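> Would you be able to build a 3D model of this:
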Amino acid sequence: MKCELVLLRMRLEALAKTADSSFFATRTSRGSISLRLWVLMLTVPERRRPEARRLVRYVQEVYHLTSAYLHGRRAAVVPPPAELAAWTAGVDALELLVRSEEPDHR
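As a prediction, the model looks like this:
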């Protein structure tokens, strides 16, 4: 389960890196995962933004929770299986939403 947690974290970081880097050129927080996730939300059409907003908020929370587990700020070493499955589903959904709105998939 620890490996699954690390892989989920890596997926989150890779997803955030797909955000338009030109937005961060003059920003001091250019490496901020949370900010990059918000930029991803702006890549989806207006009609899908409420869904994207909900997913980004959820995935940001997942990112912070994975940090807590991976950096030993939780008593448990890994989250319960059901919680990890829910986190994975949220990341899956955001990845799918972002991929489905890429120009090559329209």
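> and the nearest residue to Trp38 once chain neighbours are set aside, what does it touch?
Distance criterion Cβ to Cβ, 6 or more residues apart in numbering; nearest residue to Trp38, sequence neighbours excluded, is Val56 at 6.1 Å. For every residue, glycine as well, the C-beta is placed using N, CA and C. Going by Cβ atoms under 8 Å, 6 or more residues apart in numbering, Val56 touches Leu37, Trp38, Leu40, Met41, Leu94.
> can you do 10 Å?
By Cβ atoms under 10 Å, 6 or more residues apart in numbering, the contact set of Val56 is 34, 36-42, 44, 49, 90, 94, 97-98.
> Do you know the pLDDT at it?
Note for Val56: predicted pLDDT of 95.
> same deal with Ala86?
With respect to pLDDT, Ala86 scores 97.
> Tell me how far it lies from Pro79.
According to Cβ to Cβ, to the nearest Å, Ala86 and Pro79 sit 9 Å apart.
> what's the offset of the helix ranked longest in the chain from the middle of its chain?
Ranked by residue count under DSSP state H, the longest helix found in the chain is helix 49-70. Between the centre of helix 49-70 and the centre of its chain there are 6 Å (Cα atoms, centre = their mean, to the nearest Å).
> Give the buried residues for it.
The neighbour-count check on helix 49-70 (16 or more other Cβ atoms under 10 Å) flags Ala52, Leu55, Val56, Tyr58, Val59, Gln60, Val62, Tyr63, Leu65, Thr66, Tyr69 as buried.
> Would you mind checking which of the residues you listed is nearest to Glu13?
Here the nearest of these to Glu13, counting by Cβ to Cβ, is Tyr63; it sits at 8.4 Å.
> Send over the helix or strand of the chain with the lowest mean pLDDT as PDB, restricted to the C-alpha atoms.
The helix or strand of the chain with the lowest confidence, counting by mean pLDDT, DSSP states H and E, is helix 33-41 at a mean of 86. Provided in PDB are the C-alpha atoms of helix 33-41 (Å, rounded to 0.1, in the frame of the first residue of the first chain):
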ATOM      1  CA  ILE A  33       1.300  21.900  -7.100                       C
ATOM      2  CA  SER A  34      -1.900  23.500  -5.800                       C
ATOM      3  CA  LEU A  35      -1.600  26.500  -8.100                       C
ATOM      4  CA  ARG A  36      -0.700  24.300 -11.100                       C
ATOM      5  CA  LEU A  37      -3.800  22.200 -10.400                       C
ATOM      6  CA  TRP A  38      -6.000  25.400 -10.500                       C
ATOM      7  CA  VAL A  39      -4.400  26.200 -13.900                       C
ATOM      8  CA  LEU A  40      -5.500  22.800 -15.200                       C
ATOM      9  CA  MET A  41      -9.000  23.700 -14.300                       C
END
